[in-house]
Structures are given as C-alpha cells and as structure tokens.
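K.L.:
sequence and computational prediction follow.
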Amino acid sequence: MKNALELKEIYKSFYENQVLKGVSFAVEKGTILGLLGGNGAGKSTLMKIVNGVYRKDAGQIFVDGKEVQIQNAQDARKSGIAMVYQELSLVPTLTVVQNLFLNDEPHKGLSIDEKECMRRAERAFDEFGIDDIDPKAVTGELPIGKQQLIEIIKAMLKEPHVLILDEPTASLTQREIGLLFEFMEKLKKKDIAIILISHHMQEIVQICDRTVILFNGTVALNDEVANLTIQKMVEAMVGRKVQERAVERKAPPRYEQEPLLVVKELSSKDQKVNKAEFCIYPGEVLGIAGLMGSGRTELIKCIYGMMKPGEGSVLLKGRDITGQKPWKAIDNGVFMIPEDRRRSGIVSIHSVKMNLFMSAWKRFSKRTCINDKKAEKAANELIERLDIKTTGTGQELKNLSGGNQQKVVFGKSIFLHPDILMLDDPTVGVDVEAKESICHIIADIADSGSGVLLVSSEFEHLAKVCDRILIMKQGTFTGELRRGKDELSEASLLVAVQS
C-alpha cells in the first residue's frame, strides 16, 4: 500500500532545546496511525511542522511519494494536509454551514453564494453518512460531539490526503466517541490517511492500525497495533523503568483522626463528574490520576465553587460547604492553585509581594491602613523559605522564570495556611529543578497538618509525593493505590489509567 505521508529525519530545536532528534515514520493511505508520547516528547511540535505552523530545521516530508516543502499553513493545505486541533475553532453563534465555509465562501459576483454553500454542505454530509446535523442549526446549540464532526467535515471540504486529529475525544462522551470512530472508519474507506494524537491507549488499540510512540524527541516504538500490549506501549512512553524515590516526609498522614474533607456522591451538571466520593485526612497528600477529559479538573472546580455541583455534598471539618463561592472557600479554609497560573493564579505586571498577599492583605490592615513593614518582612520570609529567585519583593512577577512564578503562587497558599490545598497540574511548564522543589513544598504543607488534593498529568510527580492516588475515568473513581501497599510509579499509574 502506498504511503500518504512519510517523514524522514525531522529535526527541530527551540534555541538550545532540541525537541525533535531525527524522527522518521510513514502512514499509509486508508490507515489510521496513533501518535503517542508523554509531555514534552515532541508529538505536537512534529505535527505542527507537518501542518506548517513551525518550520523544521532539517529532514524531508513526502506526500504521496513526492517531497514537499512546507513553510506555512497554506503550503500544508496545498500539499493535501489538514489538521483539526483539540480546541475547536468554530464560531458558536454562526450556523453550521456558515462555519463550514468561513473565510472560504464560494461567491456569486461580489456576494456569497449561500445556495452553493448549502449544496456543498448537504453533499458532504450525505457523502459521509451524516443525517442528524441540520446545516442551518446554530453551531453552539449542538452537542460537542457533533461540533467535532463539523470541524472534521470542514477540514474534509479541503479534500486532504492526510487528516491529523489532535486529542479529538478529550471532551466527548462515550456515545460521541463511538460516532467519531464510525466516521473515521468511513474516511479510511475513502483512502484518507489519519494521524490520531491521543493519550488514551485503549482508543489507539480500538481504532488504529499502527502506533508510533515518541520519547524525548525520538521514535521509541513503531509497530502494528496487533503486535502490541498496553504494557509495551507504557514502557516505550516511559523510556526505561526507573525506581523513583518518594519525597521524605517528616510526619505521616493522620488517618486515625477525623477527615478534613469529605466528598459524597458529587456530580457536576454536565456529568463530567459522576458520583465521586473520597476523604482527605490531616497531613495527607491525595492524588488524582486520570487522562485528559477524565473529569479531574471539573471535580476540584466543583469543590472550590468555580462550577456548581448538580448533586452531592462537600463537608469541611463536618461543615457543609457545597456550592460555596471561591472567595468563601478561602475564608472557609480551602485554597486552589489553578492549572493556568498566568490566567488565573498571578497578575504578572504586579510585584512579587503584591502577588504573595493578593488574597490576604486584610491580615496586614488595621482599619483603613496597611502595615507595609509587616508585609515586607512576611514576603522576605516566604521568598527565603521557598527559595524564590528574585531581585526583591518589588520585582514584577513577569520577569521571574515559570518555576519561580509557581513558587510565588505556592507562597500565597502557605501564608493562608488552608485546611485543604487543591493543586491542578502545578508542575506544568516548569523545569526539572523547580518540579523537585515543588514536590518538597507540597510535602512541607502536608507535614504542617493541612490536607492536599493533587491533580497532575505528570504521573511521575504523583508517584513521588502522594500518600494515596485515586484513578479517575469518565468522572468516576475506578481504583485506589496506597503507598506502602501498592506500587506507586509512573509506569504503574499509566497502566492503571489505561486498563
């Protein structure tokens, strides 16, 4: 069978950071290739090179056996390559047909030929067997699964030879995933090659013909799915079996005491969280491991009050705090460090001191005055304790590294000394040294008697610092691993979330 796309010795560096180190593989016509890899493995960078977002430093790209030069998105489109990104680009207030032809409308004279748009849309839907989407419907009123199909149809109208799908199932229900996979099978029959980027190994096994796994910018595995097991794929993603040492704790969790936080049958209105139940004890670091779209972020948002629960309850030291507002959560002793620190955790143009005490200035105020000397002393103590690399308390936060910005966010929580600290992917975008430092900060917070709820996509991080880890799939907990009883490692967690 002829290759639709072939990559040979692709290299890419960003300054001194070499992301791709000679990646080579091919995808045949009428097949689906699953592309896997851990965070930083290089899979997104590679596909952005293929789609013209980035330029390769070296290597060759062949489409239908002919070498092509892809310098931008237009070159990729002319070469017959289309990519559907994880974040949908549809305009929710426009109709389906308007979205399909946005910026590419057929014209009749100077006006858009709306009849031709409708004719082409209906022909495309008919060609791919889609009979339950009204082209005149407002896009934002459709289920997310159907919006995903519209995005793919929009790409298919450009008649590509190669279709790249980036985490298409992350926000879909099981029924919508089934619908998407049926559609992908129809595309295969039309001799279209599909590259599916996914973290879900079970989906790769279910729908793909072949799998390529990247590790540290190189191809760690390239084989037919029929020859593989989940365990083999996990080993390729991890790179090598490493016995990670856990962070040493000064005080063990107080399981003999009453739990600080009790969550009972908690469900979100969108059902991304479905009857979740767990407890957090004093001094415990409880981790939640799950793939993208498992409901882990939605869970802590429901607890913190950023999302209103559909049903269930949240008890803090026996008090019902279900549905509290975030600012009330802080007063009640619950603090959350969000996933996107730049958008939700810091004000980059303000000083280190201002960011440290953003939620706690009233602790330095008396009537209408702020005791700035007291705040300055407390800020310097936190900077020293957390080893924040800064020129001083007045330095603007935007001039600090990502790891030091994250330490400032931790400083806010340490100063407030909450009963429960919730962390959503706190090590994303920070360097190895900062990650190590953050692990020790989390351990110190737990040693002080607080409970920590840690959500992380970096399973090595979970294994290093957690006392217990809950496995989450489709909004529900399906298992539990406990330190001292079960193996806590990156490999064991990868197997647990995929099984």
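P.N.:
Okay, I see it.
K.L.:
let me see the contact set for Met354.
P.N.:
Met354 makes contacts with Val347, as judged by CB atoms under 8 Å, 6 or more residues apart in numbering. Heads up, the C-betas are built off the backbone N, CA and C, glycines and all.
K.L.:
low-confidence ranges, the stretch 251-400 of the chain, go.
P.N.:
340-345 (pLDDT under 70).
K.L.:
show me where it has its helices.
P.N.:
Along the stretch 251-400 of the chain, the stretches classed as helices by DSSP state H, counting those that start in this stretch are 296-304, 326-332, 352-356, 372-386.
K.L.:
same list (those) but as JSON lines, adding distance to Ile204.
P.N.:
Listed next are the helices of the stretch 251-400 of the chain as JSON lines, based on distance: least, CB to CB, whole Å:
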{"stretch": "helix 296-304", "distance to Ile204": "21"}
{"stretch": "helix 326-332", "distance to Ile204": "37"}
{"stretch": "helix 352-356", "distance to Ile204": "41"}
{"stretch": "helix 372-386", "distance to Ile204": "40"}
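K.L.:
please name whichever of the ones you listed is nearest to Arg482.
P.N.:
When those are compared by CB to CB, helix 296-304 sits nearest Arg482, at 18.6 Å.
K.L.:
for that closest one, name the packing helices and strands.
P.N.:
Judged by 3 or more CB pairs under 8 Å, 6 or more residues apart in numbering; DSSP states H and E, helix 296-304 is in contact with strand 261-268, strand 309-316, strand 334-337, strand 420-424, strand 451-455.
K.L.:
quick one: strands adjacent to the third one?
P.N.:
So the one you mean is strand 334-337. According to DSSP bridges, strand 334-337 has the following sheet partners: strand 420-424 (parallel).
K.L.:
for the strand it pairs with, what is the distance to the chain centroid?
P.N.:
17 Å (CA atoms, centre = their mean, to the nearest Å).
K.L.:
need the contact partners of it.
P.N.:
Strand 420-424 is contacted from outside by 260-261, 280, 297, 300, 303-304, 316, 333-339, 413, 442, 445, 450-456, using CB under 8 Å, 6+ apart.
K.L.:
apply 6 Å and report the result again.
P.N.:
260-261, 297, 300, 334-339, 413, 445, 450-455 (CB atoms under 6 Å, 6 or more residues apart in numbering).
K.L.:
which parts of the stretch 201-350 of the chain are strands?
P.N.:
210-215, 218-224, 261-268, 276-280, 285-289, 309-316, 319-320, 334-337 (DSSP state E, counting those that start in this stretch).
K.L.:
CA atoms of the last one as PDB?
P.N.:
Meaning strand 334-337. The C-alpha coordinates for strand 334-337 follow below in PDB (Å, rounded to 0.1, in the frame of the first residue of the first chain):
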ATOM      1  CA  VAL A 334      -9.900  25.800  51.100                       C
ATOM      2  CA  PHE A 335      -7.400  27.200  48.600                       C
ATOM      3  CA  MET A 336      -6.900  26.200  45.000                       C
ATOM      4  CA  ILE A 337      -3.800  26.700  42.800                       C
END
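K.L.:
run through who's touching it.
P.N.:
So strand 334-337 is in contact with 304, 409, 413, 416, 418, 420-423, 426, going by CB under 6 Å, 6+ apart.
K.L.:
any of those buried? List them.
P.N.:
With neighbours counted by 16 or more other CB atoms under 10 Å, these contain buried members at 304, 409, 413, 416, 418, 420-423, 426.
K.L.:
where does the closest residue to Ile112 other than its chain neighbours land in three-state SS?
P.N.:
In space, Ile112 comes closest to Glu105 once its chain neighbours are excluded; the distance is 4.5 Å by CB to CB, 6 or more residues apart in numbering. Secondary structure of Glu105, reduced to three states by DSSP: H, G, I helix; E, B strand; the rest coil: coil.
K.L.:
next up, the contacts around the nearest residue to Leu299 once chain neighbours are set aside.
P.N.:
Nearest non-adjacent residue to Leu299, counting by CB to CB, 6+ apart: Val273, 4.9 Å away. Counting by CB under 6 Å, 6+ apart, Val273 touches 267, 295, 298-299, 302, 475.
K.L.:
mind putting those residues in a markdown table, distance to Ile177 and neighbour count included?
P.N.:
Conversion of the contacts of Val273 to a markdown table gives the following (distance: CB to CB, whole Å; neighbours: other CB atoms under 10 Å):
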| residue | distance to Ile177 | neighbour count |
| --- | --- | --- |
| Ser267 | 20 | 20 |
| Gly295 | 15 | 23 |
| Glu298 | 18 | 21 |
| Leu299 | 21 | 31 |
| Cys302 | 23 | 26 |
| Gly475 | 14 | 22 |
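K.L.:
closest one of those to Gly287?
P.N.:
Of all the contacts of Val273, the one with the least separation from Gly287 (CB to CB) is Leu299, at 12.4 Å.
K.L.:
next one: the closest one from Leu416, what distance?
P.N.:
Distance of Leu299 to Leu416, computed by CB to CB, to the nearest Å: 22 Å.
K.L.:
repeat that for Val234.
P.N.:
Plainly put, Val234 is 38 Å away from Leu416 if you go by CB to CB.
K.L.:
can you check Gln202 too?
P.N.:
Distance of Gln202 to Leu416, computed by CB to CB: 40 Å.
K.L.:
what's the answer for Gln474, then?
P.N.:
Applying CB to CB, the value for Gln474 to Leu416 is 33 Å.
K.L.:
swap in Ser313?
P.N.:
Distance from Ser313 to Leu416, by CB to CB: 24 Å.
K.L.:
which one of the contacts of Val273 sits closest to Lys250?
P.N.:
Of the contacts of Val273, the one sitting nearest to Lys250 (CB to CB) turns out to be Leu299, at 28.7 Å.
K.L.:
centroid-nearest residue for this structure?
P.N.:
Met292 (5.4 Å; CA atoms, centre = their mean).
K.L.:
what sits against the residue of the chain positioned farthest from its centre?
P.N.:
For the chain, the residue at maximal distance from the C-alpha centroid (CA atoms, centre = their mean) is Gly109, at 45.2 Å. Going by CB under 6 Å, 6+ apart, Gly109 touches no other residue.
K.L.:
how about the helices and strands packed on helix 296-304 in TSV, adding distance to Glu376?
P.N.:
Shown next, in TSV, are the helices and strands packed on helix 296-304 (distance: least, CB to CB, whole Å):
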stretch	distance to Glu376
strand 261-268	34
strand 309-316	32
strand 334-337	23
strand 420-424	25
strand 451-455	28
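K.L.:
wait, which of the ones you listed is closest to Glu116?
P.N.:
Short answer: strand 261-268, nearest of these by CB to CB, at 42.5 Å.
K.L.:
given the closest one, what are its sheet partners and their directions?
P.N.:
Strand 261-268 is paired, per DSSP bridges, with strand 276-280 (antiparallel), strand 309-316 (antiparallel).
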